[in-house]
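Colleague: Following is a predicted model, sequence given first.
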Amino acid sequence: MITFVNFIKYQDSRVLFLFNQSMKCRTLDILMYIITQFGSLSVVVALVLIFLLSSSPTVISTGRNLAIVLILSQLIVHSLKWLISRPRPFIATNYIIHRRISAPGFSFPSGHSCAAFAVAITLRSIIPGVDDLLITLAVLVGISRIYLGAHYPSDVLMGFLIAFIVYGVCI
């Protein structure tokens, strides 16, 4: 078991280094900062409100589903953050570039990644034909969190998993 945990930590560090160090450039800094906002609280709350204020019953229903998945998944995310208390990479590791984003609190799991994936899997039910685009955007939010030094890859994967499980159980 210890060997498996060490393997995961090693792979986490490798992928983190790849995205945070090897791919650095000013254009990516700006692009990743913009992409990461798609998983932010303000964007997902605005999206839920837009859906709930619609005149279409289908869109309102999707807004309710989205609100349920987001609320429950974020409760799980923030409970785990508090229980596990894993420091963010830019705090725990000297070689990580912190790209001046606001990232208070703990690292594991990623709330932005969880929210982005929750939105993607919920919206695909009413917007046919854009599954790939929605999932790609959610994955890019996760990559942006790693690139910006706010999360380890395992934080992002766990965020995705939480959203997937909550969606599967609730919707």
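Modeller: Now that the structure is in, tell me what you want to look at. Residues are numbered from 1 along each chain as shown.
Colleague: Now the residue nearest the centre of the chain: closest residue in space that isn't a chain neighbour?
Modeller: Centroid-nearest residue in the chain: residue 113, 0.6 Å away (criterion: CA atoms, centre = their mean). Distance criterion CB to CB, 6 or more residues apart in numbering; nearest residue to residue 113, sequence neighbours excluded, is residue 159 at 3.4 Å. Heads up, the C-betas are built off the backbone N, CA and C, glycines and all.
Colleague: How about residue 111?
Modeller: residue 77 (4.8 Å).
Colleague: Quick check, the one you found in contact with residue 107.
Modeller: No: taking contacts as CB atoms under 8 Å, residue 77 lies outside contact range of residue 107: 11.0 Å.
Colleague: pLDDT at residue 6, what is it?
Modeller: Predicted confidence (pLDDT) for residue 6: 86.
Colleague: likewise residue 97?
Modeller: pLDDT at residue 97 comes out at 71.
Colleague: could you say what helices and strands the helix or strand harbouring residue 47 packs with?
Modeller: Applying DSSP states H and E as the criterion places residue 47 in helix 41-52. In terms of contacts (3 or more CB pairs under 8 Å, 6 or more residues apart in numbering; DSSP states H and E), helix 41-52 is packed against helix 57-84, helix 111-123.
Colleague: count of residues packed around residue 121?
Modeller: 22 (other CB atoms under 10 Å).
Colleague: Which residues are in contact with it?
Modeller: 69, 134, 135, 163, 164, 167 (CB atoms under 8 Å, 6 or more residues apart in numbering).
Colleague: got TSV for those, with pLDDT too?
Modeller: Output for those, formatted as TSV (pLDDT from 0 to 100):
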residue	pLDDT
69	97
134	95
135	95
163	98
164	97
167	97
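Colleague: got any ranges where this structure has weak pLDDT?
Modeller: 1, 98-102 (pLDDT under 70).
Colleague: what residue of the chain is the furthest out?
Modeller: residue 55 (29.4 Å).
Colleague: Quick check: it vs residue 45, distance?
Modeller: Counting by CB to CB, to the nearest Å, the gap from residue 55 to residue 45 is 20 Å.
Colleague: Same check on residue 73?
Modeller: Applying CB to CB, the value for residue 73 to residue 45 is 14 Å.
Colleague: Those two: which is more packed in?
Modeller: Taking neighbours as other CB under 10 Å, residue 73 and residue 45 compare with residue 73 leading, 25 against 13.
Colleague: Name the residues of the host helix or strand of residue 169 that are buried.
Modeller: Residue 169 is part of helix 153-170 when elements are defined by DSSP H and E. Neighbour-count burial for helix 153-170 flags 153-160, 162-164, 166-167 (criterion: 16 or more other CB atoms under 10 Å).
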